[in-house]
Every structure is written in structure tokens, then in C-alpha cells.
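*Asks:* Fold the following, please.
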Amino acid sequence: MSAPPPPPGGEFGQQPYDYPPPYGYPPEYYGYGSGYGYPPPRGTNGLAVASLICAFVFAPLGIVFGHMSLSQIKKSGEQGRDLAIAGLVISYLITVLAVLAVVVSVLFLLLLASSLDDVDPYPESPRYAAAPAAEMPAFAPSATPGANCQYPATIERAAKPVKPPSVGRVATDPARVNATITTSRGAIGVQLDNAKAPCTVHSFTSLARQGFFDDTTCHRLATTAQLHALQCGDPTGEGSGGPGYQFPNEYPTNQYRLNDPAMRLPVRYPRGTLAMANAGLGTNGSQFLLIYEDSPMPPTYTVFGTIDAGGLALLEKIAAEGLADGGDEGRPAADVTIRSVRFS
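*Replies:* A predicted model of the protein is given here:
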């Protein structure tokens, strides 16, 4: 009787089909340990990463790097295509938003500049609720009149070359300064009140001596219920020009507290008053009002002198000729040009 055959696996005692190595295909077949398997994955393209970073730092550079990285990835097979696309999308979006923001800002600035151009720095005449005009307040001089006159520069350049007046203390003696405003229609004699408005008189005389008023047109005549005056002192003849500086109000404004409700109520500016025109407190420049009839206005227009009888007669004659457009406020029908301002 013969012996049974040994179990599969023979003397090694292994299970069926449990063959010792080598068994099956060699490892090299699967790509292990040889150069015939799958190549190792390529690295991420550096420009793709740079594109995504620059998208948040400087978007235009992110766009440049994004396109460069896509071109390199296409040729080299590197990773990072998604990063490059993300960088491009974000860069383009931020760039478009930035361009829109710049366009909107420019349009806003142009609109703002246009609206400022439409603002007349010397309003035609005060507008307020009708109220009986009080008398001008009594003058109570400060302890040190004319001690610190200041003439800060304005954004608008001077309408005519001129130097600003000296700052600091100005003389208040003599108390009255006589001057003659010679116009194309005749002479207007004025007496400047150096005691009540020394800083204003100092500015006016400085401008006059430099010829600032010479050959300038009196551009506005008012014949309204609130104002009866001829307005002069703008070299442009349009009502928006000044000397390139401004200065604070004096009498009668300085007789009130700044928050006093009475500052909004009219007082009577008597016939024959020489007063400064302005666009609000502290905006006095070169334009002035020759008042030929009593005019009720808030006490926010500095009084710095009076007009003589001959000057008033001339102003009444000019007013009687009316306005160029037939209204009650605007350019006078008669041409009135200041030839010179001289002092005696």
C-alpha cells in the first residue's frame, strides 16, 4: 500500500497556493523600485500661488501672474491650475470694483466742484422773516481796538495781484479817514471809521493804495425791500472775486455774542452807510456796499464808514436808472466803474 501524496505546499508546510517569493509578477511590474511605474506628481506652479496672493495685494499683478502660470502649467503639467484660476477671478473682480470706485469718486468730485462753482460767495441780499428793524446797537469799544488784525489766506486766489495787509496791531488814529471813490459816473466821497472798524479800514486802505479797486466794475445794484445799495470791489465784475484773504467782522457784529438770537434779526443800516459785503461771519474780503437808503439787515455786515451828500445823490441817480434786466437786484443798467480810490 503506497503512502498518500504530501499536501500542497510540500515540505514548507504552507497553505495551498501559498508559494514563497517570488510569486506572481515582480514588484517592478507595479511600479515599485524601478523607472517603469507612474511618475511622481509634479509640484505646484509658483506663479499660481503668487497670482492668488497678489489678488489681495495688487490685483493687476495677480492678473499678470495668473495668465503666466496657466501658460506654464499647460506646458509643464505642474499643479496649481485651480489656484491660478482663483487668482485671476479674484484679481479681475477687485480690479473692476476699483475702477468703478475711481469713476464714481471722480464723478462725485466733478459734481461737488460744479455745485461749489454755483455758490455765490457774496449773496445778493439777506433773506429772513419779516420783522421790524431795530436800531443799530450802541458802540462799546473793546479794551484794545485794532490790537490783533488777522488776514488769513483763502482757497480762492486773489482776483487781481495784491499783497495782503500787515497783521497784528494797527493804528486807530486818526479816528476818521477821508477818501474819494472816483467812478465813471462821478465822485463818491466817503469817511472811513477807523475807530469802530480799524481792521476793516486797514484792509480797505491797503487794497486802495495798491490800486486793487482801480478800473473795477460795480457789479450789483439792489433795490429790494431789504437792501438799497450799490455793490463794488470785485475786479472780476461777477461778484465772486476777492483779494485772496479774509478777515473777521467788526462793528456791529462784535456788539453781540455769537450765539445771540438777535444776530438773526434785522437792524437798520442807515442811509449813507458804507459796509462790507460777505458770505457769512468772518468772510470779509474786498467787496463793499454803498447804502443809499435805510436797509434792514442782520447785524452781520461790518460798518466801516459813511457816504457824503454828493455821493448819495449820485447813488440815487444810478438807482433811478434801474437794472439791466429790469428786476430789483442785479447788474445796474448804468455802467459804474471805479477809476480810483484816493485819500486826503
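
*Asks:* from here on, contacts and neighbour counts on C-alpha atoms
*Replies:* Fine.

*Asks:* residue boundaries of the strands in the stretch 101-250 of the chain?
*Replies:* Per DSSP state E, counting those that start in this stretch, the stretch 101-250 of the chain carries strands over the ranges 176-183, 186-193, 216-217, 220-223, 228-232.

*Asks:* Tabulate the ones you listed (CSV), appending mean pLDDT, distance to residue 101 and mean neighbour count.
*Replies:* Shown next, in CSV, are those (pLDDT from 0 to 100; distance: least, Cα to Cα, whole Å; neighbours: other Cα atoms under 10 Å):
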stretch, mean pLDDT, distance to residue 101, mean neighbour count
strand 176-183, 98, 53, 18
strand 186-193, 98, 54, 21
strand 216-217, 97, 45, 22
strand 220-223, 96, 43, 24
strand 228-232, 98, 44, 26
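
*Asks:* For residue 325, find the nearest of these.
*Replies:* strand 220-223 (11.2 Å; Cα to Cα).

*Asks:* Which other helices and strands does that closest one contact?
*Replies:* strand 228-232, strand 329-330 (3 or more Cα pairs under 8 Å, 6 or more residues apart in numbering; DSSP states H and E).

*Asks:* Between those strands, which one is closest to residue 292.
*Replies:* Across these, closest to residue 292 is strand 228-232 (Cα to Cα), at 5.7 Å.

*Asks:* Adding distance to residue 219, write the helices and strands packed on strand 220-223 out as JSON lines.
*Replies:* Output for the helices and strands packed on strand 220-223, formatted as JSON lines (distance: least, Cα to Cα, whole Å):
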{"stretch": "strand 228-232", "distance to residue 219": "6"}
{"stretch": "strand 329-330", "distance to residue 219": "7"}
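
*Asks:* Looking at the ones you listed, spot the one closest to residue 169.
*Replies:* The nearest among these, by Cα to Cα, is strand 228-232 at 27.3 Å.

*Asks:* hang on, the earlier thing: could you work out which of the helices and strands packed on strand 220-223 reaches nearest to residue 73?
*Replies:* strand 329-330 (74.2 Å).

*Asks:* Could you list the paired strands of the host helix or strand of residue 275 along with their orientation?
*Replies:* Following DSSP states H and E, the helix or strand that holds residue 275 is strand 273-276. Using DSSP bridges, strand 273-276 pairs in its sheet with strand 288-291 (antiparallel), strand 303-307 (antiparallel).

*Asks:* could I get these as JSON lines with mean pLDDT?
*Replies:* As requested, these are arranged in JSON lines below (pLDDT from 0 to 100):
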{"stretch": "strand 288-291", "mean pLDDT": "98"}
{"stretch": "strand 303-307", "mean pLDDT": "98"}
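
*Asks:* TSV please, covering those and showing mean neighbour count and distance to residue 44.
*Replies:* Below are these laid out as TSV (neighbours: other Cα atoms under 10 Å; distance: least, Cα to Cα, whole Å):
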stretch	mean neighbour count	distance to residue 44
strand 288-291	25	77
strand 303-307	24	81
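
*Asks:* With distance to residue 65 as new columns, can the ones you listed be given to me in TSV?
*Replies:* Shown next, in TSV, are those (distance: least, Cα to Cα, whole Å):
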stretch	distance to residue 65
strand 288-291	65
strand 303-307	70
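
*Asks:* Endpoint to endpoint, stretch 221-236 covers what distance?
*Replies:* Start-to-end span of stretch 221-236 (Cα to Cα, to the nearest Å) is 16 Å.

*Asks:* Which segments of this protein make up each domain?
*Replies:* 46-114, 154-343 (the TED database).

*Asks:* Okay, and the beta partners of residue 247?
*Replies:* Beta-bridge partners, per DSSP bridges, of residue 247: residue 284.

*Asks:* what about the closest residue to residue 233 other than its chain neighbours, distance to residue 236?
*Replies:* Distance criterion Cα to Cα, 6 or more residues apart in numbering; nearest residue to residue 233, sequence neighbours excluded, is residue 287 at 4.1 Å. Residue 287 is 11 Å from residue 236, where distance means Cα to Cα.

*Asks:* Give me the more crowded residue out of those two.
*Replies:* Shown here are residue 287 and residue 236; by other Cα atoms under 10 Å, residue 287 has more neighbours (23 against 14).

*Asks:* In this structure the more buried one contacts residue 243, no?
*Replies:* No. The pair residue 287 and residue 243 does not pass the contact test of Cα atoms under 8 Å, sitting 9.1 Å apart.

*Asks:* same for the host helix or strand of residue 312, what does it pack against?
*Replies:* Per DSSP H and E: residue 312 is located in helix 309-320. With contacts taken as 3+ Cα pairs under 8 Å, 6+ apart, helix 309-320 sits against strand 186-193.

*Asks:* Partner strands of the strand it packs on and their direction?
*Replies:* When DSSP bridges is applied, strand 186-193 pairs with strand 176-183 (antiparallel), strand 303-307 (antiparallel).
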